[in-house]
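In: Structure for the following, please:
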Amino acid sequence: MTTLRQLEYLVTVVDTGSFTRAAEQLHVTQPALSHQVRALEKAVGGPLLERLPRAVRLTPLGRAVLPHARAALAETGRLHAAARRAGGLDEGELEVATVHSVSLGILPPVLRIWRARHPGVRIRLREYPHADRLQEAMAAGRADLAVGPVPAGWEGPIRELGVEEFVLVLPSDDPLAGRPEQPLPLGALADRAWVHYAPGHGLADLLDQVCARAGFTPRAAVRTEQTSAAPLLAAAGLGPALVPANLVPDRFDAAVLLPDPLVHRTLAAYTRTRPDPATTAFADLLARQACVTPERFRPS
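Out: Residues are numbered from 1 along each chain as shown. Sure thing, here's the model as predicted:
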């Protein structure tokens, strides 16, 4: 089997014009060099070099093989250079997995900053409807970094990003929207039909759980797969919605209230193993720049 080392030895012998000088340049013994060249000749099926008293000369087969040997060595050099540039955040690709709500409410400002600082490192975003699917995908090696709720039983590195608060969204003229500065008891909405999430969506499970703790099962007026649609549907009067506070834009035309009891979850960035430089840089940026809960919705 032909090796890159054998190709390097052939090219060096041709460039120096001598087995002796090539051995000196490669820091190997002349017998070892000759052995590797003979092994290459055996692999390609014929002599590559004609050994003259004071020089070496390429055979016709050698002249045919030499350009390919140079090209293979050059391509290997480009491969290593690309790897070094990627490690130095000059270029490459970073695969980030997350849940739908995080990709909407938290990642866009972070990705904008990343793009400005590291334009050569592309982000490939993989989105999942449920935190369990996110964790499964990360365990299967489908991404370099996951961003979502803290994973249960995860054995790799975890970096907490902060506590994500949830808010209730009602039409601005709803009778319960009169005092937005006060948390609204979830039980006050027990008889309402809700803007719910589609089965299999992680926030569907969350809404069912928090309502169960408040003593009721939420009826669905409509179910959506799109997290971003929930506050819009609630503002339009289809029913109350429970949404991450970071999804609600400033001056949103609806009543937005904290629930009582508060609903929140801790978000984290996590990896399978010790992260590489690009992954570490992205996690650092997340920790510094991610607005997990806007200031106006943080409990006093």
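In: ok, now which ones touch Leu66?
Out: Taking C-beta atoms under 8 Å, 6 or more residues apart in numbering, we find Leu66 in contact with Leu10, Val11, Val14, Leu58. Bear in mind the C-beta positions are built from the backbone N, C-alpha and C, glycine included.
In: Can you read off the backbone torsions of the last one?
Out: Dihedral angles phi and psi of Leu58 (degrees, to the nearest 10) take the values phi -70, psi 140.
In: What distance do you get for it to Ser172?
Out: Distance from Leu58 to Ser172, counting by C-beta to C-beta, to the nearest Å: 84 Å.
In: and what of Leu26?
Out: 78 Å.
In: Of the two, which one has the most company?
Out: More neighbours surround Leu26 than the other of Leu26 and Ser172, with 17 against 13 (other C-beta atoms under 10 Å).
In: ok, and the closest non-adjacent residue to the more buried one?
Out: What sits nearest to Leu26 in space, not counting adjacent residues and going by C-beta to C-beta, 6 or more residues apart in numbering, is Thr12, at 5.8 Å.
In: Could you do Ala221 as well?
Out: Ala193 (3.6 Å).
In: The residue nearest to Leu26 belongs to a helix?
Out: Yes: secondary structure assignment places Thr12 in a helix (DSSP: H, G, I helix; E, B strand; the rest coil).
In: Please shift the residue numbers so they start at 22 in all later answers.
Out: Renumbered: residue one is now 22, and that last one reads Thr33.
In: which sections of the stretch 172-321 of the chain are below the confidence cut-off?
Out: Along the stretch 172-321 of the chain, the parts satisfying pLDDT under 70 run over 201.
In: contact partners of stretch 231-241?
Out: For stretch 231-241, with C-beta under 8 Å, 6+ apart as the criterion, the contacting residues are 206-208, 211, 213-217, 228-229, 263, 280, 282, 284.
In: What are the buried residues along it?
Out: By neighbour count on 16 or more other C-beta atoms under 10 Å, the buried set for stretch 231-241 is Val231, Cys232, Ala235, Pro239.
In: From those, which land in strands?
Out: Residues from these lying in strands, with DSSP state E as the criterion: none.
In: Filter the residues you listed down to the ones in helices?
Out: Counting by DSSP state H, the part of the buried residues of stretch 231-241 found in helices is Val231, Cys232.
In: of all the buried residues of stretch 231-241, which comes closest to Arg319?
Out: Closest approach between the buried residues of stretch 231-241 and Arg319, by C-beta to C-beta: Val231, at 18.7 Å.
In: remind me, longest strand of this structure?
Out: Per DSSP E, the chain has its longest strand at strand 179-191.
In: Tell me which helix or strand comes right after that strand.
Out: Using DSSP states H and E, the next helix or strand after strand 179-191 towards the C-terminus is strand 205-206.
In: Now Ile127. Nearest residue, chain neighbours left out?
Out: Closest to Ile127 by C-beta to C-beta, 6+ apart is Ala311, at 5.2 Å.
In: Tell me, how many residues neighbour the one you found?
Out: For Ala311, the tally of surrounding residues (other C-beta under 10 Å) stands at 20.
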